[in-house]
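A.B. asks: Mind folding the following:
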Amino acid sequence: MEYQAHILVVEDEQAIRTALVDFLEYHGFRVTPACDGLAAKQTVEQNRFDLILLDLMLPGIGGEQLCSLWRRGGVQTPIIMVTAKGQEKDRIQGLDLGADDYITKPFSLEEMLARIRAVLRRTDPARGVGQSFVFGDLHIDMASLKALRAGRKIDLTKREALIVQYFAANPNRVIDREELYREVWHDLLTDLGTRTVDMHIAKLRAKIEQDVSAPQIIQTVRGAGYKYATSA
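C.D. replies: Numbers count the residues shown, from 1 in each chain. Got it, this is the predicted structure:
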């Protein structure tokens, strides 16, 4: 099963929003639409996206304000700004606010598709943590599937390493079992069910937690899922 990148389309004009959603779904993306700034803000708080297509002229919270808010809040999801304002100073301002690309209306859908693919190609699939990163008191090396704590090596399975990488890319956010299964097991053709998430978390905790009865790295949020809580 090929992984489908998940795109948030933030556009207040219904005809444009519908056209973008239909076009992107036709080309194999999962798409969630939002019709204004407030809806987009709430949607990003509740879901993970691979890319945000952000119109700037929005009712309520404007696109530039949203982009700034997300970046200051630690949201690293790639953003392509879409606007009728095409002067150089407008593009510079958008990029300075944290946008990854900027496209001016009117645009062709084929150009939009090319820009989306280009941004996704240069975006780390784990959204910035890369192949070597710190996770709690552990140093993780995805290439060797090793966790290192105070010089002691801990062997991880590929799936355990992917779980760790996904949590590291989404710190301090509650991740439910459905999302974790979808993102970490997306390469499987069969549905193993979310029970397999709990089983893998239990095995992973036995390897990386100092006290499995009171886990500090991967915490359980009762009735909601799991969370990697950082000290920051």
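
A.B. asks: now the strands for the protein?
C.D. replies: With DSSP state E, the ranges of strands along the chain come out as 6-10, 30-34, 51-55, 79-83, 101-104, 132-135, 138-141, 146-149, 152-155, 218-221, 225-228.

A.B. asks: Can you list the strands that the fifth one pairs with?
C.D. replies: Okay, so that is strand 101-104. Sheet pairing of strand 101-104 (DSSP bridges) gives strand 79-83 (parallel).

A.B. asks: neighbouring contacts of the strand it pairs with?
C.D. replies: 11, 51-57, 63, 67, 70, 90, 94, 98-105, 107, 115-116, 119 (C-beta atoms under 8 Å, 6 or more residues apart in numbering). In short, each C-beta sits where N, CA and C put it, glycine included.

A.B. asks: out of the strands of the chain, deepest packed?
C.D. replies: strand 51-55 (a mean of 26; mean count of other C-beta atoms under 10 Å).

A.B. asks: and the worst-scoring helix or strand of the chain on mean pLDDT, what does it pack onto?
C.D. replies: Sorting the helices and strands of the chain by mean pLDDT, DSSP states H and E puts helix 88-96 at the bottom, at a mean of 74. In terms of contacts (3 or more C-beta pairs under 8 Å, 6 or more residues apart in numbering; DSSP states H and E), helix 88-96 is packed against helix 63-72, strand 79-83, strand 101-104.

A.B. asks: Just the CA atoms of that helix, as PDB, please.
C.D. replies: The C-alpha trace of helix 88-96 is given here as PDB (Å, rounded to 0.1, in the frame of the first residue of the first chain):
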ATOM      1  CA  GLU A  88       8.300  40.600  -4.300                       C
ATOM      2  CA  LYS A  89       7.900  42.200  -0.800                       C
ATOM      3  CA  ASP A  90       4.800  40.000  -0.200                       C
ATOM      4  CA  ARG A  91       6.700  36.800  -1.200                       C
ATOM      5  CA  ILE A  92       9.600  37.800   1.000                       C
ATOM      6  CA  GLN A  93       7.300  38.500   3.900                       C
ATOM      7  CA  GLY A  94       5.600  35.100   3.500                       C
ATOM      8  CA  LEU A  95       8.900  33.200   3.400                       C
ATOM      9  CA  ASP A  96      10.200  35.200   6.400                       C
END
